[in-house]
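Student: Mind looking at a prediction? Sequence and model below.
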There are 4 protein chains.
Amino acid sequence: MTAFLAEIFPQVKNDFIVDHLDGENVVMRMRITDSNLRPGGTVSGPSMFALADVAAYVATLARIGREALTVTTGCSMDFMRKPEAGKDLVAKARLLKLGKALSVTDILLFSEGSDKPVARASMTYSIPPKR
Amino acid sequence: MTAFLAEIFPQVKNDFIVDHLDGENVVMRMRITDSNLRPGGTVSGPSMFALADVAAYVATLARIGREALTVTTGCSMDFMRKPEAGKDLVAKARLLKLGKALSVTDILLFSEGSDKPVARASMTYSIPPKR
Amino acid sequence: MTAFLAEIFPQVKNDFIVDHLDGENVVMRMRITDSNLRPGGTVSGPSMFALADVAAYVATLARIGREALTVTTGCSMDFMRKPEAGKDLVAKARLLKLGKALSVTDILLFSEGSDKPVARASMTYSIPPKR
Amino acid sequence: MTAFLAEIFPQVKNDFIVDHLDGENVVMRMRITDSNLRPGGTVSGPSMFALADVAAYVATLARIGREALTVTTGCSMDFMRKPEAGKDLVAKARLLKLGKALSVTDILLFSEGSDKPVARASMTYSIPPKR
């Protein structure tokens, strides 16, 4: 999966690490570098979006196989706490539904070592029809 | 809490039952009657919205006390499976954040007796400032 | 379309009126009765959800024809102002996308006669594959 | 406003251009460079999120003045079409509500020169209380 991600997301291949993966749950880590930070040291919104999106993609592809054409069609996020600057960001994702046409994944984001979520997200992926 | 709900939501006072309530988690049940059904026997979207909304309200008020002016400011929902017609709908809600101005609650809805969620929701409530 | 709605939503057939309908835009009105009100006279969240949902359904079916199996898969709403108690609620909906598998509709809700939206919504409908 | 953005978002100061700004509407443009692209040439989700988020921030700050502590608390997005690779991305944002504690902005994203939206977004910003 890590090799596939590196192929699909070449610009960010060293940023995301899969810590755990089973049929329903994914734990992913994002290495926070200066390019992810806003003034004041907080992780930017687009970086949090990127991690949630990749975690949902991995949760879906772990089940349906390598389908690069699987695309995000919808997302909602709530930003709840300020991430800690010096810490990696960790996504705990759960695949709530895998249908023929759509998957829905719920994601909580944490600063590493904390149990208070910094954000929650839901991501809907559209799955291409079988040819 | 049940008495307070009956006061605030007189039209629906017999529809919602609090099954479990602690500082972070709420389990609520909605009695499904004909008025909640669509043709084909499925529970209507507005009924699912109503249960998720009330569960988030209860999760918030369990912590801040009776604040009838606490109002929903945002929600997102994903409808994932068809609820079973003859079953009550059960909401499992978790208060993810309680700030000074906002609360955020995550909710999964199930047909009673099933462990596959029929829908997920996030509800944001605005909390009135202390006078 | 009004006849079709009455067939699909028998419980609410007198509540919704289509004021305008073209290939991209729908204006619908919801008659507000006591059953839609909360204490204080405001229109309930589930009633606003119901109107937004029906408006998106009408916007979609106006294009694809009577497909009762078209179902809501996702929604997001922001509740921004208190609706006026004695006024009908008006939805101005715009179909942003009609794909093979999904439609996306944007909806603003107004108290009749006001130009300040009381809520916004986006509704995603899943469209059944052609047999 | 452009100078203020460059101060707040130093990493991206050359990426965003304000094309139009009045009390309710903002048109912003994002210069698309290789770092915003995914394989196949499409603009990445995080880049679209970033543009929508900045447009809502500008719409809010145009009214309340420079308040760097104004933060995103919620967002929803629908991704509807594939952006064109060689085109700038344009956000048309409308401030739907400016309250004491929250602002809500609706955003449509377009590939420059097209009138079919590639995505829609709603962004909620939390406004710090007056000291």
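Tutor: Yes, it's here.

Student: which residues does A:P117 contact?
Tutor: Residues near A:P117 by C-beta atoms under 8 Å, 6 or more residues apart in numbering or on different chains: A:M80, A:R81, A:L108, A:L109, A:F110, B:L96, B:K97. Every C-beta, even on glycine, is put in place using the N, C-alpha and C of the backbone.

Student: Keep only these that also lie close to chain C.
Tutor: Restricting these to those near chain C by C-beta under 8 Å from any C-beta of the partner chain leaves nothing, as none qualifies.

Student: Against chain D, how distant is A:V71?
Tutor: 7 Å (C-beta to the nearest C-beta, to the nearest Å).

Student: Tally up the residues packed near that residue, please.
Tutor: 17 (other C-beta atoms under 10 Å in any protein chain shown).

Student: Same question for A:F4.
Tutor: Using other C-beta under 10 Å, A:F4 has 14 other residues around it.

Student: Once you drop chain neighbours, what's closest to it?
Tutor: The shortest distance from A:F4 to any non-neighbouring residue, by C-beta to C-beta, 6 or more residues apart in numbering or on different chains, is to A:R66 (5.7 Å).

Student: same deal with A:T2?
Tutor: A:V18 (5.8 Å).

Student: mind checking the longest helix of chain A?
Tutor: Under DSSP state H, the helix in chain A containing the largest number of residues is helix A:45-64.

Student: how about that helix as CSV, C-alpha atoms only?
Tutor: Written as CSV, here are the backbone C-alpha positions of helix A:45-64 (Å, rounded to 0.1, in the frame of the first residue of the first chain):
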residue,chain,number,x,y,z
GLY,A,45,-6.3,23.0,7.3
PRO,A,46,-5.3,21.7,3.8
SER,A,47,-2.7,19.4,5.5
MET,A,48,-5.4,18.0,7.8
PHE,A,49,-7.7,17.5,4.8
ALA,A,50,-4.9,15.7,2.9
LEU,A,51,-4.3,13.3,5.7
ALA,A,52,-8.0,12.5,6.2
ASP,A,53,-8.4,12.1,2.4
VAL,A,54,-5.5,9.7,2.1
ALA,A,55,-6.6,7.6,5.1
ALA,A,56,-10.1,7.2,3.5
TYR,A,57,-8.5,6.3,0.2
VAL,A,58,-6.3,3.6,1.8
ALA,A,59,-9.3,2.3,3.8
THR,A,60,-11.2,1.9,0.6
LEU,A,61,-8.4,0.5,-1.6
ALA,A,62,-7.5,-2.0,1.1
ARG,A,63,-10.8,-3.6,0.3
ILE,A,64,-11.3,-3.1,-3.4
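
Student: What's the first helix or strand after it?
Tutor: Under the assignment DSSP states H and E, the closest C-terminal helix or strand after helix A:45-64 is strand A:71-79.

Student: List the contacts of that next one.
Tutor: Taking C-beta under 8 Å, 6+ apart as the rule, strand A:71-79 contacts A:45, A:48-49, A:52-53, A:56-57, A:102, A:118-126, B:76, B:96-97, B:104, B:122, B:124, C:74, C:76, C:102, C:124, D:45, D:71-80.

Student: Which neighbouring elements make contact with the helix or strand following that strand?
Tutor: As assigned by DSSP H and E, the chain's next helix or strand after strand A:71-79 is strand A:89-98. On a contact count with 3 or more C-beta pairs under 8 Å, 6 or more residues apart in numbering or on different chains; DSSP states H and E, strand A:89-98 meets strand A:25-30, helix A:45-64, strand A:102-111.
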